[in-house]
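Peer 1: Okay, structure incoming, though there's no sequence with it:
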């Protein structure tokens, strides 16, 4: 036990920074993490009023961003299709809902096998979208923090780089496009691995360097991006 504490002591500052980044993401998205309590969800159901037959029920509309409807009309439908198909003991290879049917799993956009997509299969969709987004934003901050530390930044500077990235305009406006969000948050970690390989090679000089562990880590990160 003492050996474990002694091992973690030098990492205490880093672990605290990572915990704070996770907490910031959870606090930012807190209203949509428990929709049964707050009545709020990331799914923009109100955009359905721009389409018939719901439009006749809400004739007066305020200006809105039509792209937001993709989350309800497309992404949430994909997730529901995956849930239903897997509940029947099958893989979602085919989508029979469009014309005479189209390939589904091969299209890749539904992030069917992305690890965090399990939230969509075990939680109600209106709950899952909030938690998925909060955790992805947290991963963005944590991965940028790790990249900053690899670059030699002090803990506070790396922490602020993580905060800036996780709450950047691109990531925040991309929360309605889960496949974008799932992929881009891994970029800083991929860059950190590349930077680490370069630095290790420079340290070795002319001596042989076997970057196999780093290559395996890089392949794992690339796999996550592909699955996203």
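Peer 2: Arrived safely, thanks for sending. This is a predicted model, so every value here is computed, not measured. Numbers count the residues shown, from 1 in each chain.
Peer 1: My guess is residue 49 contacts residue 58. True?
Peer 2: Yes: contact criterion Cβ atoms under 8 Å: residue 49 and residue 58 qualify, at 3.9 Å. All C-beta atoms are positioned from the backbone trio N, CA, C, and that covers glycine.
Peer 1: For residue 103, what are phi and psi?
Peer 2: Main-chain dihedrals, residue 103, degrees, to the nearest 10: phi -60, psi 140.
Peer 1: What is the burial count for it?
Peer 2: 10 (other Cβ atoms under 10 Å).
Peer 1: Chain neighbours aside, what residue packs nearest to it?
Peer 2: Closest residue to residue 103 apart from its sequence neighbours, by Cβ to Cβ, 6 or more residues apart in numbering: residue 94 at 6.5 Å.
Peer 1: any idea of the pLDDT on the one you found?
Peer 2: We have a pLDDT of 92 for residue 94.
Peer 1: That one: how many residues sit nearby?
Peer 2: So residue 94, with other Cβ under 10 Å, has 15 neighbours.
Peer 1: dump the residue contacts of it.
Peer 2: Counting by Cβ atoms under 8 Å, 6 or more residues apart in numbering, residue 94 touches 101-105.
Peer 1: just to revisit the earlier point, more crowded one of residue 49 and residue 58?
Peer 2: residue 49 (17 against 11).
Peer 1: shouldn't residue 171 be in contact with residue 164?
Peer 2: No: using Cβ under 8 Å as the test, residue 171 is too far from residue 164 to be in contact (10.3 Å).
Peer 1: between the two, which one's more packed in?
Peer 2: Shown here are residue 171 and residue 164; by other Cβ under 10 Å, residue 171 has more neighbours (19 against 11).
Peer 1: separation between the more buried one and residue 109?
Peer 2: 19 Å (Cβ to Cβ, to the nearest Å).
Peer 1: Next: residue 41.
Peer 2: 21 Å.
Peer 1: These two: which is more packed in?
Peer 2: residue 41 (20 against 13).
Peer 1: State the pLDDT value of that one.
Peer 2: 88.
Peer 1: my guess is it meets residue 31, correct?
Peer 2: No: using Cβ under 8 Å, residue 41 is not in contact with residue 31, being 9.1 Å away.
Peer 1: State the phi and psi torsions of residue 95.
Peer 2: Dihedral angles (degrees, to the nearest 10) for residue 95: phi -110, psi 110.
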